[in-house]
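Enquirer: Fold the following, please.
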Amino acid sequence: FVNRNLTVEKSIVNELLLVCGVIGSTVDPDTQQMIPVEDCLNWLQDLQRALRRDDDAHRPISLLLGKWKVLQQKLLPLVLSCRYDTPLVLTIVKILVILTKPLSENAKKAGRFIIDIKKTDETVIREQIKLRN
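Expert: Just a heads-up that it's a prediction; the model follows:
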């Protein structure tokens, strides 16, 4: 059983994988803090736009980001390491507001289903596994 409302198009998944893979993927060996890429703010704004396009009733993009643990592994470490970069922190806060808004009953049910990705190929699956770890 595949619910159309829980389907995320392959192009959107690829965009999310790119954005989530790029925003601060380097850790400073001395301080163990995440180092943002040069245009991290633009990438975060892309993520924010993608979340705004998410279907409010089922929120498949938000659920997918939750499964990938983007909040814990990317966004919060970025806030901790870049706390004096006001525009960057404010953009992350806006993303957090979108991700943490109350779920509709449909979205709560959707969270129990597996998110289906149209035309999944091996590369996408490998990237998802890498992001989850």
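Enquirer: CA only for contacts and neighbour counts going forward, please
Expert: OK.
Enquirer: Name the residues of the longest helix along the chain that are buried.
Expert: With secondary structure taken from DSSP state H, the chain has its longest helix at helix 86-100. Under the neighbour-count criterion of 16 or more other Cα atoms under 10 Å, helix 86-100 has Leu88, Val89, Thr91, Ile92, Ile95, Leu99 buried.
Enquirer: mind listing the helices for the protein?
Expert: According to DSSP H, the helices that the chain contains are 10-22, 40-52, 60-67, 70, 76-81, 86-100, 105-110, 122-132.
Enquirer: so what secondary structure elements neighbour the longest one?
Expert: Just to be clear, that refers to helix 86-100. helix 40-52 (3 or more Cα pairs under 8 Å, 6 or more residues apart in numbering; DSSP states H and E).
Enquirer: In the helix it packs on, which of the residues would be classed as buried?
Expert: Cys40, Leu41, Trp43, Leu44, Gln45, Leu47, Gln48, Leu51, Arg52.
Enquirer: Let me have those in TSV, extended by pLDDT and distance to Val70.
Expert: Listed next are these as TSV, based on pLDDT from 0 to 100; distance: Cα to Cα, whole Å:
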residue	pLDDT	distance to Val70
Cys40	93	15
Leu41	94	16
Trp43	94	13
Leu44	95	12
Gln45	95	15
Leu47	95	11
Gln48	95	13
Leu51	93	13
Arg52	92	16
